[in-house]
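Novice: Any chance you can model this:
(chains A and B)
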Amino acid sequence: MIRYGYSGPGFDAWRERLGGYDRAFLIELFRRMLRIRLIEEEIERRYHQDQMKTPIHLVIGQEATSVGCCAAMRVSDLVYSSHRTHGVYLAKGGDLKAMLSEMHCRANGCAGSRGGSMHLIDFSVGMAGTSAIVAGSVPIATGAALAAKVQGADRAIAVFFGEAATEEGVVSECLNFAALKQLPIVFFCENNFYSVQSPLATRQPERDLRRWAEGHAVNAVRVDGTNVLDVYEASKDALGRARAGAGPSFVEARVYRYRAHGGAGDDSKTGYRDVAEREAWEKLCPVEGLYGLLAGARLLDAADRRAMHDAIMRETLEAFEHALSSPDPVEADLYTHVYAD
Amino acid sequence: MPWDEGLVNSLVYDAPSPDEGRVLAYPKAVHEALDLALGRDARVLVLGQGVDDPSAMFGTTRGLKEKYGGERVFDTPVAEESMTGVCAGAAMNGMRPVLMHNRPDFILLTFNQLVNHASKYHYMDNGLSTVPMVVWAAIGRGWGSGSQHSQAIQGLLLGVPGLRIVMPSTAHDAKGLLLSAIADNNPVLVFEHRWLMRKDGIVPEGHYTVPIGKGIYRRRGSDLTVVGASHAIELAHQAAKKVAEGGIDCEVIDLRTLKPLDEAIIAESLAKTGRLLVVDTGWAMGGVCAEIGCLAAEKWFASLKAPVRRIGLPDVPSPAGYALEQFYYPDVDRMATAMREMCS
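Specialist: Purely as a prediction, here's the structure:
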């Protein structure tokens, strides 16, 4: 039984709009999504080897959200994430080698092996912070937006969280405060219908999350989370509003997580969701969806894709080699940076 | 009568002599610290529920919004957890917020952002983020404040790495420690005590700091070391004066900061006296009293001539009724009795 089906508009209408974009931009969107997919699949393939002694929360199926939003951000804009960090980190331009070193618990990981996969950061590209607590980074990001406003900085903030975070009181508090102070922030909600193995219906009444956000006087939109262009346009509008001083926005992107909440592989067979539901969403794959659109418009062909695939795999395997040959931290590393000087 | 003022006013503090310096009311000393910090550093923000209302947080924030503007000094939504996270996020992005609460009880709503986030980002980010923020609150006592309006929660936070905990007992230290806290690059909790708000003190003009992590001898003696902070050490100091009339010579150490803890000053004194009384405004179990008592057993056992004694709160929530409060809270007489027993 398909409990949560796709309700988006599909790609048809976008065929006529493709002319409005640079070809290079469209191809880059595709390359970024494909890159995240291939890196995630390689992580998943190797996870059973226990070299990555850290929880993983794969974004396979959800590549369009982070890539679409981050494509509308500047390097100086900041993005904050939930525990599901991989996509946002890579989409914002985070260093792949530092990410994989962190996932292999090495001293040269992006967080020096103190963070693990749930705390990927790269300040050089504005990947500013994460939290392993549901909704935990939402007030942090709101504070970053307050700082940007007080400093008069031309900087917008986006914070990613799942739909379960809307059940946490602190997100309501943040929407209220961001609207009160007209902060330059985009609250980006990836609604993938499940929190671990709990379906939305056991956690929330039937409601439109946009209305919920609007109840806090926050501009709210819904996008097709399988369509990177739809995500990009909505994010661009929301970030533009933020930068123009028009205050916060809430973006609900409906997406589907092809894998389990954590770890490798899908766990649908445990019974909390129907395998058929996942399979239906896999037909709406964001990577293949954009490929089909671009190939149909003769902007990209199989040979281009193969070359792109090979280059990404070379980069990925090289980054794994780098991580595996990197040094472990030593005991003295445990005690550094508990306090700042 | 405004609640608890009757009891607060009944306390007898040694009036400072103007010959020693400028005499200032305690809240005015806190006000001066905030005023100086806002004036010196454009990154400082002061926020909290009611900081711009007529009560002005015991007067500590009076006029600051008018002087520095509503963007830097502002009332907040009644949303303690998010405001704590907002302060952490602002601190990680170049600001130095001071978040003020009327009472520490409200900080209990913020433990997710304080303990899971603010205290840990610097470590989790391998030193990339710093979180220079101050959380300020004034502990209540008496006048029916009860279980949810008079908690002293420093013991709950003592074991959290990444936090600093400051508890002044004088107007001088309240100003100097708050200026240190605002300049510190870590999350710092400043716990004031409402009963100390009525204590005038000698407070120098202008900017000065009291170092975080350093205790101070309030009284030198050779028979017994009394250690604690905030209002508890004020009571102990008064008790020490009382027992001195009977020939008991107490050494009184005001820790001023619980985290980091000045172990050296306790060890130095204990090596001399061999007797340790630990006092605290919070629960004795698992808190400041327990930790320092344990340190004595672990590190300074050879110095001890008598068992360590603790005077904190019993393992009971704060009662609201007046009669019950009298049994619940330590006072000067109870501390003096303990001192005499320890030296008998």
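
Novice: ok, how many other residues are close to the closest residue in space to residue B:151 that isn't next to it in sequence?
Specialist: With CB to CB, 6 or more residues apart in numbering or on different chains as the criterion, residue B:151 has its nearest non-adjacent residue at 5.0 Å, and that residue is residue B:105. (Glycine included, C-beta is placed from N, CA and C.) By the measure other CB atoms under 10 Å in any protein chain shown, the count of residues near residue B:105 is 22.

Novice: Please read off the pLDDT at residue B:105 from the model.
Specialist: Looking at residue B:105, its pLDDT stands at 97.

Novice: ok, now which ones touch residue B:30?
Specialist: By CB atoms under 8 Å, 6 or more residues apart in numbering or on different chains, the contact set of residue B:30 is B:58, B:60, B:174, B:175, B:178, B:192.

Novice: List, one by one, the residues from the stretch 201-341 of chain A near chain B.
Specialist: The stretch 201-341 of chain A has residues A:336, A:337, A:338, A:339, A:340, A:341 near chain B, with proximity defined as CB under 8 Å from any CB of the partner chain.

Novice: Can you tell me the SS state at the third one?
Specialist: Residue A:338 falls in the coil class when you classify it by DSSP: H, G, I helix; E, B strand; the rest coil.

Novice: quick one: it and residue B:126 touch, right?
Specialist: No. Assessed by CB atoms under 8 Å, residue A:338 is found out of contact with residue B:126, at 11.3 Å.

Novice: Look at those two and report which has more neighbours.
Specialist: residue B:126 (22 against 14).

Novice: how about the closest residue to that one other than its chain neighbours, secondary structure?
Specialist: Excluding its sequence neighbours, the residue lying closest to residue B:126 (CB to CB, 6+ apart) is residue A:112, at 3.3 Å. Three-state call for residue A:112 (three-state DSSP): coil.

Novice: check contacts around residue A:112.
Specialist: If you count contacts by CB under 8 Å, 6+ apart, then residue A:112 has A:329, A:333, A:337, B:126, B:127 around it.

Novice: same thing with residue A:82?
Specialist: Counting by CB under 8 Å, 6+ apart, the residues that residue A:82 touches are A:130, A:131, A:134, A:135, A:136, A:137, A:160, A:161, A:162, A:165.

Novice: do that again at 6 Å, thanks
Specialist: Neighbouring residues of residue A:82 by CB atoms under 6 Å, 6 or more residues apart in numbering or on different chains: A:160, A:161.

Novice: separation between it and chain B?
Specialist: Residue A:82 sits 13 Å away from chain B, taking CB to the nearest CB, to the nearest Å as the criterion.

Novice: Mind giving me the PyMOL select for the contacts of residue A:112, buried ones only?
Specialist: To isolate the buried subset of the contacts of residue A:112 in PyMOL, counting by 16 or more other CB atoms under 10 Å in any protein chain shown, use the following:
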select buried, (chain A and resi 329+337) or (chain B and resi 126+127)
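
Novice: Can you give me the neighbour number for residue A:290?
Specialist: Residue A:290 has 27 neighbouring residues, counting by other CB under 10 Å.

Novice: do the same with residue A:314
Specialist: Residue A:314, neighbours per other CB under 10 Å, totals 10.

Novice: which element is it on?
Specialist: helix A:302-324 (DSSP states H and E).

Novice: got the contact list for the residue in the stretch 151-300 of chain B that chain A sits nearest to?
Specialist: Proximity of the stretch 151-300 of chain B to chain A (CB to the nearest CB) peaks at residue B:185, 3.8 Å away. Residue B:185 sits next to A:340, B:130, B:132 when contact means CB under 6 Å, 6+ apart.

Novice: Now neighbour count and distance to residue B:297 too, for these, in a markdown table please.
Specialist: Listed next are those as a markdown table, based on neighbours: other CB atoms under 10 Å in any protein chain shown; distance: CB to CB, whole Å:
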| residue | neighbour count | distance to residue B:297 |
| --- | --- | --- |
| A:340 | 17 | 32 |
| B:130 | 20 | 36 |
| B:132 | 25 | 36 |
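
Novice: now, among the residues you listed, which is nearest to residue A:99?
Specialist: The nearest member of the contacts of residue B:185 to residue A:99, counting by CB to CB, is residue B:130 at 22.6 Å.
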